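J.: Prediction below, plus the sequence it came from.
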Amino acid sequence: MSGVAPLVEQIERTRAELSDALSDPDAASDRARYADLTRRYSGLEQAATLAARWRDASQQADEAREMLAEDDDPDIRALLKEAEAEIDELEPLIREAMVEPDPNDSRDVIVEVRAGAGGEEAALFARDLLDIYQRYATARGYKVELLDVSDADAGGLKEATFAVKGSGAFSVFKHEGGVHRVQRVPATESQGRIHTSTATVAVMPEAEEVDVQIDQNDLKIDVYRSSGPGGQSVNTTDSAVRITHIPTGVVVSMQDEKSQLQNKERAMRVLRSRLLEKAQAEQEAEMRDTRRAHVGSGDRSEKIRTYNYPQNRVTDHRIGVTVPLKEQVLQGQLSSLTDALQAEERRLLLEQQVT
């Protein structure tokens with residue numbers, strides 16, 4: 001039996017089970033379960049098509065072998081060779097199609113950028129990262145929605161939260177989470193010394209209301225006046241909102257909009273996404289010892305990338321890939337890095353599956 005035959009059987013069995021589950025009248029009454037079943041069924045479509053082709057080719061090969069046992073016909077031998085070639089071509093495709101994708105990959109994404117160590121220079125670097133991500137998202141055809149920006153002095157930023165909307169947005173941005181380090185000579189440095197500063201990035205799949213159930217009694221909501229650089233008031237009404245999720249201690253603040261209602265709505269979006277990320281991170285931590293592959297943890301304490309201005313290069317330490325800084329990265333051209341990270345993730349998952 002071919003090494004891929006068990007996978008084909010698994011595809012066929014799972015597809016049939018999901019089809020039966022979707023036809024169950026009770027499934028439609030549970031929105032979350034029905035959405036999950038639909039996603040899984042759709043996710044198997046490519047694998048099911050490949051499996052059907054493999055079945056046909058295998059059947060043709062078996063029939064050709066039976067006929068050749070009775071009569072060594074050149075035409076039948078040619079048919080066998082053609083069927084075997086198709087089987088060989090399909091096997092790696094089926095293995096790759098069965099690499100289980102991250103269930104969050106198709107979601108929209110919420111990204112938080114914060115200035116880290118390095119004072120004013122760190123705040124300027126955080127601004128640079130925000131600009132890079134906005135350019136990259138736009139170039140990929142995604143819609144960028146700034147949710148909240150807290151400016152710092154001299155044109156930098158303390159922190160920013162933005163959403164990227166579009167198919168596969170999370171799959172593109174998910175490996176950006178962690179510590180980003182910059183090495184450059186600040187404009188205020190008279191001796192020409194290179195300074196090292198950092199910014200942290202958090203990346204979360206945007207959660208729907210159905211994903212995270214939040215009890216309003218678990219929320220502490222404070223309102224206050226928005227403030228700008230240096231703490232000066234920039235609004236005369238209490239439009240800024242801070243929401244604390246009491247059971248987990250997660251706090252989200254929003255002050256970018258003049259409307260308290262809009263700031264609250266945005267804060268709830270981020271809160272839901274943080275709670276979803278927290279729950280998934282805890283689940284992943286439990287699974288990590290049971291052969292869970294990843295390309296870096298995405299933890300904010302993990303240094304993932306260095307932006308070296310004097311040498312005009314950006315190096316991703318997880319995959320050892322270096323690309324030009326000024327000509328590519330600062331222009332928002334991150335595909336060389338994100339594509340390599342996605343490929344490494346798939347390689348690790350495929351390696352897991354084969355072994």
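T.: Happy to help now that I have it.
J.: Just give the strands next to the host helix or strand of residue 113 in its sheet, each with its orientation.
T.: Using DSSP states H and E, the secondary-structure element containing residue 113 is strand 109-115. Looking at strand 109-115 with DSSP bridges, its partner strands are strand 157-165 (antiparallel), strand 195-205 (antiparallel).
J.: So which of those strands is nearest residue 315?
T.: strand 195-205 (13.8 Å; Cβ to Cβ). Where C-beta positions appear, they are placed from N, C-alpha and C, glycine not excepted.
J.: now the helix or strand just after the closest one, how far from the chain's geometric center?
T.: Sequence-wise, the next helix or strand downstream of strand 195-205 (DSSP H and E) is strand 219-224. Counting by Cα atoms, centre = their mean, to the nearest Å, strand 219-224 is centred 30 Å from the centre of its parent chain.
J.: And for stretch 332-341?
T.: Averaged C-alpha coordinates place stretch 332-341 at 13 Å from its chain's average position (Cα atoms, centre = their mean).
J.: Output the below-cut-off pLDDT ranges for this structure.
T.: 1-3, 210, 228-237, 283-301, 350-355 (pLDDT under 70).
J.: Can you list phi and psi of the residue nearest to residue 308 when sequence neighbours are not counted for me?
T.: Among residues not flanking residue 308 along the chain, residue 183 sits closest, at 4.8 Å (Cβ to Cβ, 6 or more residues apart in numbering). The phi/psi pair for residue 183 (degrees, to the nearest 10) reads phi -120, psi 110.
J.: List the contacts of residue 183.
T.: 194-196, 306-310 (Cβ atoms under 8 Å, 6 or more residues apart in numbering).
J.: Just list whatever residues bridge to it.
T.: Those that pair with residue 183 in a beta bridge, by DSSP bridges, are residue 196, residue 308.
J.: measure it to residue 306 for me?
T.: Computed as Cβ to Cβ, to the nearest Å, the residue 183 to residue 306 distance reads 7 Å.
J.: cool, and residue 203?
T.: Distance, residue 203 to residue 306, by Cβ to Cβ: 19 Å.
J.: same thing with residue 209?
T.: For residue 209, the distance to residue 306 (Cβ to Cβ) stands at 39 Å.
J.: One more: residue 252?
T.: Taken as Cβ to Cβ, the span from residue 252 to residue 306 is 30 Å.
J.: between the two, which one's more packed in?
T.: residue 252 (24 against 19; other Cβ atoms under 10 Å).
J.: Output the helix or strand harbouring the more buried one as PDB, restricted to C-alpha atoms.
T.: Using DSSP H and E, residue 252 sits in strand 250-254. Coordinates of each C-alpha in strand 250-254 appear next as PDB, following Å, rounded to 0.1, in the frame of the first residue of the first chain:
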ATOM      1  CA  VAL A 250      -6.400  42.600  31.000                       C
ATOM      2  CA  VAL A 251      -6.600  46.400  30.500                       C
ATOM      3  CA  VAL A 252      -7.400  48.200  27.300                       C
ATOM      4  CA  SER A 253      -7.400  51.900  26.800                       C
ATOM      5  CA  MET A 254      -8.700  53.900  23.800                       C
END
